[in-house]
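Novice: Quick one, fold the following:
(one chain, ligands or ions: 1)
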Amino acid sequence: MSQQGGDPEQEAGPEGGQTTDTGKTDAARRALVSLGKEVSRQWQKPEQGRQCCQRRGRRPVAVDSSRAKTSAEALRICIQQLKWREFPSGRHLFCDIYWHGVSFHDGEVSCSSQVNKFPGMMEMTRKVNFSRAVRTMQELFPDEYKFYPCSWILPEEYQHFVDQVRLSKENDSSWKPTFIVKPDGGSQGDGIYLIKDSSDIRMLANHHSKPAVVQEYISKPFLIDKLKFDIRLYVLLKSIDPLEIYIAKDGLSRFCTEPYQEPNSKNFQRVFMHLTNYSLNIHSGNFVHSDNVNTGSKRTFSSILAKISLKGYDVKKVWSDIITLVIRAIIALIPELKVYHQTYIPSGKPGPTCFQILGFDILLMKNMKPILLEVNANPSMRIEHEQEISPGVFEYVPSPVDEEIKVAIIRDTLRLIDPTLQKNNYSQSHSTEYSTENEGDDITKAEAHSKAESSSGTEVNWPPLCLKQVFPKYTKQFSYLLIVERIALLFIRFLGIKGTMKLGPTGFRTFIRTCKLSNSNLPMASVDILYIDIARRWNIVHGDRGESGMCLQAFMEAIFLMAQRRYKSPPLREQVEALVNFCEYQLDALDEKHFRGKSDQKSSLIAYHPERPRSGAVSNVHLLNRLSTSNRLQTSSLPASREKQPVKSMNRRASRSIAPPLNILY
Ligand code: ADP
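Specialist: Down below sits the predicted model:
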């Protein structure tokens, strides 16, 4: 369930997806036609839709679906419903929207168009990179990022893993953890295995072994009908600048097909008991196909919530925790995504606008706390499933559960990014940027959107959006986490030459000088050594033979280190925040000086810099923080020390409150 492969819940890789050039699988088309589905649907054929739009003097939105792969069928249905125009074989003229099946780089897109992938998302959601991004957040905000199981990256952190587990066991002899090992590029549960002891890891500490993540195994999941299940939740990242996140109100639950037992050496190998992957369980004799969304081995998440509610659990709290998890996970991804974005779509130059549907795989623990297993950059949008029609003969047949969920998500994504509504959307998003005080407002985003649609002349009375905006709606509760984004913005500013993702030694020196970070405790000679040391280490970690220099993670490490040296009192988060405030203050002062030098204009433009990437609401929040904290800066020569912490089990932490309570309602 990562980026590649053909998991039914995972989009096929570049070579996958046996689609024709019209994007529809032959088998699926046969099956759909044979069931008379194509005529029974309540939408008009594209030709009719076109006429309808043309009558009103509007050009229908053009969608290039030639690279949509396995999402082509669901996309086609949505385009028909919206009465837009599909170009299944591409188009010489530009299209308004390009729908890619795998990544931003699937093909050329026009500058003024929209594309359904962000550059770098595929890379950032790989198991190793994602674990690294969350780790950075865990170092700064340990309490807020407990929703992701303790993870170590192999082979580089093997010894660290061994030491931490040993330390924890020495501290608590009753602790008998299980770990799950997952290969980095893996999907569909491929190559995954459980271990009890660090010595059971295959390809022990071999530096040539393939990267993988070893992770604490959540051994006490919440069960339904004695079966383990996970939740596939769909999230629309509508924009990263400003950050706009929507969560689908319903998702899918995928069930194991063998009753769950806590892991022991006898059941370790039982994949139908421990792994919820649909692609694995479909091969179990116990797999139940069902046309009913409430039963079977794949159901809607809402049907699970209904069951949970009947058992007396607080469903609103579950939703609130899930929303919190999603926002925090995306905030962890944003810094790197911004660097990728700047590299491929430099600010100030024309370029496409990106959005992306992500698949979040979530496990509910026994105490109802959601745990994030993985984020999928290419969740499968296939609405058919494979069925064995006679021994050994498989055919794709429509899957009502998938269709119900996925068609609504794609259609409402298109409604939200509708280029003919951009003006309306823009003014809405700006008017709701600081809307957390107005959470009680009766006018929801969906209602506002429906109004915008009707005012723009869209004919159909659509149901309310199945996607709910959660950011910037809840900006206030999460803005303090955006410190990592601010570090990324400093990094991007000093990257210099556009098109690179690494900071050279001169860029780093310029950063230190401009932000006045060098002093008697950190002379420039030490700065150079710091740069060489950290950059080289990270280049080895990434196995980079190409571009040399300092990647964002290396830069973050340098910032953390300098912050620890400069400010006396931990926690790290406050030290880092103080350093970032200090840097931003210096840069603002410099910008103001430059600006004053060039014109007579007044100080109201203090934060303006033509090359500085802006982050909408976030930048403004920072400005306030900066003013209030820059006065209490002090320097010290505290040596950096990060002690090894024992592992704290998720399962043992189950009774404790994981995150500070948030007033988030779904
Ligand atoms: P893949 O991309 O190969 O599907 P996942 O990370 O999604 O890899 O893991 C596959 C399955 O293994 C999940 O669907 C889940 O059922 C199980 N799993 C993964 N990580 C954990 C964990 N930390 N604790 C318990 N179960 C897990």
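Novice: and Pro646, what pLDDT?
Specialist: Looking at Pro646, its pLDDT is 58.
Novice: whoops, Tyr193 was the one
Specialist: On the pLDDT scale, Tyr193 is placed at 94.
Novice: what does His207 give?
Specialist: His207 is assigned 50 on the pLDDT scale.
Novice: Low-confidence ranges, the stretch 151-300 of the chain, go.
Specialist: Within the stretch 151-300 of the chain, the stretches with pLDDT under 70 are 203-208.
Novice: Stretch 476-485: which residues count as buried?
Specialist: By 16 or more other CB atoms under 10 Å, the buried positions in stretch 476-485 come out as 477-479, 481-485. Every residue, glycine included, has its C-beta placed from N, CA and C.
Novice: report the longest helix in the chain, please.
Specialist: Using DSSP state H to define each element, the chain has its longest helix at helix 315-344.
Novice: so what secondary structure elements neighbour the next helix-or-strand element following that one?
Specialist: Next along the chain after helix 315-344, taking DSSP states H and E as the criterion, comes strand 353-354. Packed against strand 353-354 by the contact rule (3 or more CB pairs under 8 Å, 6 or more residues apart in numbering; DSSP states H and E) you find strand 114-115, strand 227-240.
Novice: show me the residues around Lys338 that make contact.
Specialist: Applying CB atoms under 8 Å, 6 or more residues apart in numbering, we find Lys338 in contact with 240-241, 485, 488-489, 492, 613.
Novice: same question, Asp184
Specialist: By CB under 8 Å, 6+ apart, the residues touching Asp184 are 2, 126-128, 210-213.
Novice: mind listing what the residue lying closest to it once chain neighbours are set aside touches?
Specialist: Closest residue in space to Asp184, ignoring its immediate chain neighbours: Pro211 at 4.1 Å, by CB to CB, 6 or more residues apart in numbering. Residues near Pro211 by CB under 8 Å, 6+ apart: 128, 153-155, 183-184.
Novice: Counting neighbours, which of those residues comes out on top?
Specialist: Highest neighbour count within the contacts of Pro211, by other CB atoms under 10 Å: Leu154, with 25 neighbours.
Novice: thinking Tyr369 is in contact with Ile322, fair?
Specialist: Just so we're on the same page, residue 369 is Lys rather than Tyr. No. The pair Lys369 and Ile322 does not pass the contact test of CB atoms under 8 Å, sitting 10.0 Å apart.
Novice: Give me the distance between the closest residue to Glu336 other than its chain neighbours and the ligand.
Specialist: In this structure, Glu336 finds its nearest non-sequential neighbour in Met124, 5.2 Å apart by CB to CB, 6+ apart. As judged by CB to the nearest ligand atom, to the nearest Å, Met124 and the ligand stand 15 Å apart.
Novice: Report the distance from the helix or strand encompassing Tyr585 to the chain centre.
Specialist: Per DSSP H and E: Tyr585 is located in helix 572-598. A distance of 29 Å separates the centroid of the chain from that of helix 572-598, by CA atoms, centre = their mean, to the nearest Å.
Novice: Against which helices or strands is that helix packed?
Specialist: helix 127-140, helix 483-495, helix 505-514, helix 552-566, helix 617-629.
Novice: wait, which of the ones you listed is closest to Ile201?
Specialist: Closest of the helices and strands packed on helix 572-598 to Ile201 is helix 127-140, at 15.0 Å (criterion: CB to CB).
Novice: For the ligand, tell me whether the very next helix or strand once past the closest one is touching it.
Specialist: Using DSSP H and E, the helix or strand that directly follows helix 127-140 along the chain is strand 151-154. No. Shown here: strand 151-154 not in contact with the ligand (CB under 6 Å from any ligand atom), separated by at least 8.2 Å.
Novice: Extract the CA atoms of the following helix or strand past strand 151-154 and return them as PDB.
Specialist: As assigned by DSSP H and E, the chain's next helix or strand after strand 151-154 is helix 158-171. The C-alpha trace of helix 158-171 is given here as PDB (Å, rounded to 0.1, in the frame of the first residue of the first chain):
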ATOM      1  CA  TYR A 158      19.600  -0.800  13.200                       C
ATOM      2  CA  GLN A 159      22.000  -0.400  16.100                       C
ATOM      3  CA  HIS A 160      19.900   2.400  17.500                       C
ATOM      4  CA  PHE A 161      16.800   0.100  17.400                       C
ATOM      5  CA  VAL A 162      18.700  -2.700  19.200                       C
ATOM      6  CA  ASP A 163      19.900  -0.300  21.900                       C
ATOM      7  CA  GLN A 164      16.500   1.300  22.500                       C
ATOM      8  CA  VAL A 165      14.700  -1.900  22.700                       C
ATOM      9  CA  ARG A 166      17.300  -3.300  25.100                       C
ATOM     10  CA  LEU A 167      17.100  -0.200  27.300                       C
ATOM     11  CA  SER A 168      13.300  -0.400  27.400                       C
ATOM     12  CA  LYS A 169      13.300  -4.000  28.300                       C
ATOM     13  CA  GLU A 170      15.800  -3.400  31.100                       C
ATOM     14  CA  ASN A 171      13.600  -0.600  32.400                       C
END
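Novice: in helix 158-171, what counts as buried?
Specialist: Residues of helix 158-171 classed as buried by neighbour count (16+ other CB under 10 Å): 158, 161-162, 164-165, 168-169.
Novice: dump the residue contacts of the residue nearest to Glu336.
Specialist: Applying CB under 8 Å, 6+ apart, we find Met124 in contact with 130, 133, 333, 336-337, 340, 377.
Novice: Repeat the analysis, applying 10 Å as the threshold.
Specialist: Shown in contact with Met124 (CB atoms under 10 Å, 6 or more residues apart in numbering): 3, 118, 130, 132-133, 332-337, 339-340, 375, 377.
Novice: circling back: between the contacts of Pro211, which is nearest Cys551?
Specialist: When these are ranked by distance to Cys551 (CB to CB), Val128 comes first, at 13.7 Å.
Novice: shouldn't that closest one be in contact with Glu374?
Specialist: No. Contact between Val128 and Glu374 fails when scored by CB atoms under 10 Å: they sit 11.6 Å apart.
Novice: Give the intersection of the neighbour lists for the two.
Specialist: Residues touching both Val128 and Glu374 by CB under 10 Å, 6+ apart: 182, 213.
Novice: Tell me which other helices or strands the strand or helix carrying Ile389 touches.
Specialist: Under the criterion of DSSP H and E, Ile389 resides in strand 384-390. Under the contact criterion of 3 or more CB pairs under 10 Å, 6 or more residues apart in numbering; DSSP states H and E, strand 384-390 touches helix 26-34, strand 393-398, helix 400-417.
Novice: buried sites along it?
Specialist: Of the residues in strand 384-390, those buried (16+ other CB under 10 Å) are 384-385.
Novice: what mean pLDDT does that strand have?
Specialist: Mean predicted confidence for strand 384-390 is 81.
Novice: Is stretch 314-329 in proximity to the ligand?
Specialist: No. Using CB under 6 Å from any ligand atom, stretch 314-329 stays clear of the ligand, coming no nearer than 13.7 Å.
Novice: Just the mean pLDDT for that stretch, thanks.
Specialist: Taken as a whole, stretch 314-329 carries a mean pLDDT of 97.
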